[in-house]
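Peer 1: Here is a sequence with its predicted model. Questions after.
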Amino acid sequence: MRGADHANANTCRPLQELQLSRRDCWEPGFSECSGLTSEIDVVEYREGQDGTVRKLPGLVKFSDITLKRGITVSNDLQNWFSNILNGQSDRRNGAVILLDDQNNEVVRWSFSGAFPRKLEGPHLRAGGSEVAIETIVLAVERLDWGS
């Protein structure tokens, strides 16, 4: 958050922005975001003759981040996907940012070591009036929760 005026922010519109540090570009207008998940495996072991199972933190895992938005004229995400498809190492750091009604930052999830692993075009139907939605799935090496 940028200031004390956000302390009482009750409403957040469903808008996420993706900031990629490689080009300092903003990709606005995502209507859906999922996969902002961190998980720690549990390693269980038993000492000697003690029947008690001990639990230790193990590997940390981060889910893929899935972003959806209406089709735009920007080709930045498609170009990034093409770089990976063509064998270029193009991992990026960035953030998913939740904004309030006045476009003020409410919360930020920062990720690192990301690359697009899936790009999906819209489902089209003749005679339909639905918005054309594109989906990008990012594999991430780390996800940090901010405020």
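Peer 2: It's in. What you see is a predicted model; the values in this text were computed from it and never measured.
Peer 1: Mind giving me the packing neighbours of the biggest strand by length in the chain?
Peer 2: Criterion DSSP state E: the longest strand present in the chain is strand 105-120. The helices and strands touching strand 105-120, judged by 3 or more CB pairs under 8 Å, 6 or more residues apart in numbering; DSSP states H and E, are helix 76-85, strand 92-100, strand 133-139, strand 142-145. C-betas here are computed from N, CA, C, even on glycine.
Peer 1: Walk me through which strands it pairs with, and which way each runs.
Peer 2: strand 92-100 (antiparallel), strand 133-139 (antiparallel), strand 142-145 (antiparallel) (DSSP bridges).
Peer 1: now the angle from that strand to helix 76-85?
Peer 2: Per axes from the mean of the first three to the mean of the last three CA atoms, to 10 degrees, the angle that strand 105-120 makes with helix 76-85 is 50 degrees.
Peer 1: Need the helices and strands packed on strand 105-120 in JSON lines (columns: distance to Gly121, mean neighbour count and mean pLDDT).
Peer 2: Formatted as JSON lines, the helices and strands packed on strand 105-120 follow (distance: least, CB to CB, whole Å; neighbours: other CB atoms under 10 Å; pLDDT from 0 to 100):
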{"stretch": "helix 76-85", "distance to Gly121": "10", "mean neighbour count": "16", "mean pLDDT": "91"}
{"stretch": "strand 92-100", "distance to Gly121": "21", "mean neighbour count": "19", "mean pLDDT": "84"}
{"stretch": "strand 133-139", "distance to Gly121": "6", "mean neighbour count": "18", "mean pLDDT": "93"}
{"stretch": "strand 142-145", "distance to Gly121": "26", "mean neighbour count": "14", "mean pLDDT": "93"}
